[in-house]
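In: Structure for the following, please:
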Amino acid sequence: MTAILESFVPRDGFAGTLVGRVWRPGAPGGPAVVAFRAEGVFDLSRAAPTMAQLIASPDPAALARTQGAFIGELPPILANSFAPRPDPARPYLLAPIDLQCIKAAGVTFAASLVERVIEERTKGDPARADAVRRELAERIGIDFGAIKPGSAEADQAKALLQREGLWSQYLEVGIGPDAEVFTKAPPMSAVGTGAAIGIRRDSSWNNPEPEVVLVVDPAGTIRGAALGNDVNLRDFEGRSALLLGKSKDNNASTAIGPFIRLFDATFTLDDLRRAEVSVTVAGKDNFHLEAVSDLGRISRDVTDLVAQTVGKHHQYPDGFVLFTGTMFAPTQDRAGPGSGFTHKVGDVVTIASPKLGALVNRVDYCDALPPWEFGLGALMKSLAARGLL
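Out: Model prediction:
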């Protein structure tokens with residue numbers, strides 16, 4: 001339990017403003033917006049019944065630091081959250097968002113850009129990925145990480161790749177002027193740290209997508225950030241980009257947590273831009289994968305991604321969260337040479353960052369996990385029953 005607590009808490013402890021959501025048992029029970037402090041966990045629901053309301057308030061960090069009723073110590077809540085089936089009679093962590101729309105940006109890092117092209121050219125067949133990867137490395141000879149999307153250099157690269165017959169829809173959004181922004185999952189469907197994440201039984205090529213998640217208010221202002229796992233089925237998307245919804249939006253296929261760190265004196269937009277993120281996958285078969293990257297390698301600034309998501313063309317009255325794109329595309333062979341990486345049931349995925357703690361989830365099949373049943377209607381009934389509306 002000590003290890004779980006140490007991974008949850010950022011490197012600077014509780015110096016920052018950390019908020020989230022906890023299931024509070026009772027009659028009636030329901031989700032509570034909370035602040036995590038050195039003294040314990042505090043319920044902010046009387047001041048902000050939903051996380052969307054907290055984020056939209058004039059000063060979310062000040063509200064989170066000064067309001068709240070004590071719920072309990074953090075360690076027992078964490079312990080219940082990491083149980084295979086949390087005890088509903090005791091508090092446990094939820095994903096730290098509620099009414100916000102869950103959006104995601106794609107192919108914003110050079111590594112993931114190349115892997116998306118590989119998926120497309122192999123038609124989702126993992127057995128062909130290694131050969132195609134070598135072919136592209138020999139033929140392209142372009143450092144996509146050095147190209148600014150929408151620039152003159154990007155136009156020149158596009159013209160070259162088109163002449164070579166190598167242009168791709170993924171390259172269009174990777175180095176073109178328009179970012180790929182899509183809806184990852186419905187509001188209220190995300191799971192939090194400690195919970196299982198889901199892959200489909202009929203997928204044979206899938207992977208975690210560790211990402212920084214921006215938390216944005218209705219006006220389009222970034223108020224803080226969290227970590228996320230945009231679980232992806234590479235074989236489905238590789239067969240057709242039109243299968244993106246089936247590849248991305250499945251039961252428990254979106255994880256966010258372990259908390260939202262709000263911007264304040266200890267954590268700013270510039271701190272976020274420099275965020276280092278690591279991923280570890282530990283399997284029951286003794287497989288082990290580790291990688292480290294940082295948000296500074298992103299091809300588009302996070303403010304540009306937000307500007308391409310919200311504005312006169314699209315509004316989000318409850319705010320939104322935005323996955324900023326995966327920094328990693330695991331290719332480490334797992335089942336023999338040339339097999340590449342895919343998940344196995346029981347994998348434990350840990351996504352960590354010094355100022356954002358660690359998001360930890362185990363992998364299982366979507367249809368083996370509890371179905372998503374607590375949606376917006378249930379939340380409204382719960383808030384009304386607790387006198388919070």
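In: Show the residue spans covered by the strands in the stretch 251-389 of the chain.
Out: Along the stretch 251-389 of the chain, counting by DSSP state E, counting those that start in this stretch, strands occupy 254-262, 276-282, 288-294, 320-323, 348-353, 357-365.
In: how about a markdown table for the ones you listed, with mean neighbour count added?
Out: To be clear about C-beta, it is placed using only N, CA and C from the backbone, and glycine gets the same treatment. Shown next, in a markdown table, are the strands of the stretch 251-389 of the chain (neighbours: other Cβ atoms under 10 Å):
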| stretch | mean neighbour count |
| --- | --- |
| strand 254-262 | 29 |
| strand 276-282 | 20 |
| strand 288-294 | 14 |
| strand 320-323 | 28 |
| strand 348-353 | 22 |
| strand 357-365 | 23 |
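In: For F36, find the nearest of those strands.
Out: strand 254-262 (5.9 Å; Cβ to Cβ).
In: List the buried residues in stretch 151-171.
Out: When burial is assessed from 16 or more other Cβ atoms under 10 Å, stretch 151-171 yields the following buried residues: A154, A157, K158, L161, L166, W167, S168, Y170, L171.
In: With stretch 325-338 instead?
Out: For stretch 325-338, burial by neighbour count (16+ other Cβ under 10 Å) applies to G325, T326, M327, F328, A329, P330, T331, R334.
In: Tell me the one among these nearest to N229.
Out: Ranked by distance to N229 (Cβ to Cβ), these are led by T326 at 9.2 Å.
In: residues in contact with the closest one?
Out: F109, S112, E209, P210, E211, D230, N232 (Cβ atoms under 8 Å, 6 or more residues apart in numbering).
In: Return the member of the residues you listed nearest to A179.
Out: Comparing the contacts of T326 against A179 with Cβ to Cβ places F109 closest, at 12.2 Å.
In: how near is that closest one to L305?
Out: From F109 across to L305, the span is 12 Å (Cβ to Cβ, to the nearest Å).
In: Please apply the same query to P58.
Out: Between P58 and L305 the distance is 24 Å, computed by Cβ to Cβ.
In: now A226, what's its secondary structure?
Out: strand (DSSP: H, G, I helix; E, B strand; the rest coil).
In: Could you list which residues are in contact with it?
Out: Contacts of A226 (Cβ under 8 Å, 6+ apart): 96, 212-213, 215, 256-261, 321, 356, 359.
In: As JSON lines, those residues with distance to L289 would be great.
Out: Output for the contacts of A226, formatted as JSON lines (distance: Cβ to Cβ, whole Å):
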{"residue": "P96", "distance to L289": "26"}
{"residue": "V212", "distance to L289": "19"}
{"residue": "V213", "distance to L289": "21"}
{"residue": "V215", "distance to L289": "28"}
{"residue": "I256", "distance to L289": "21"}
{"residue": "G257", "distance to L289": "20"}
{"residue": "P258", "distance to L289": "21"}
{"residue": "F259", "distance to L289": "25"}
{"residue": "I260", "distance to L289": "27"}
{"residue": "R261", "distance to L289": "26"}
{"residue": "V321", "distance to L289": "26"}
{"residue": "L356", "distance to L289": "20"}
{"residue": "L359", "distance to L289": "16"}
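In: Adding pLDDT and distance to A385, write these out as CSV.
Out: Listed next are the contacts of A226 as CSV, based on pLDDT from 0 to 100; distance: Cβ to Cβ, whole Å:
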residue, pLDDT, distance to A385
P96, 98, 22
V212, 98, 35
V213, 98, 30
V215, 98, 27
I256, 98, 26
G257, 97, 26
P258, 98, 28
F259, 98, 26
I260, 98, 25
R261, 98, 31
V321, 98, 27
L356, 98, 33
L359, 98, 30
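In: So which of these is the closest to K284?
Out: Lowest distance from K284 to the contacts of A226 (Cβ to Cβ) belongs to L359, with 20.0 Å.
In: So the closest one sits against D230, correct?
Out: No: in this structure L359 lies outside contact range of D230 using Cβ atoms under 8 Å: 11.5 Å.
In: residue boundaries of the helices in the stretch 151-300 of the chain?
Out: Applying DSSP state H, counting those that start in this stretch to the stretch 151-300 of the chain gives helices spanning 152-163, 169-175, 234-239, 244-248, 269-273.
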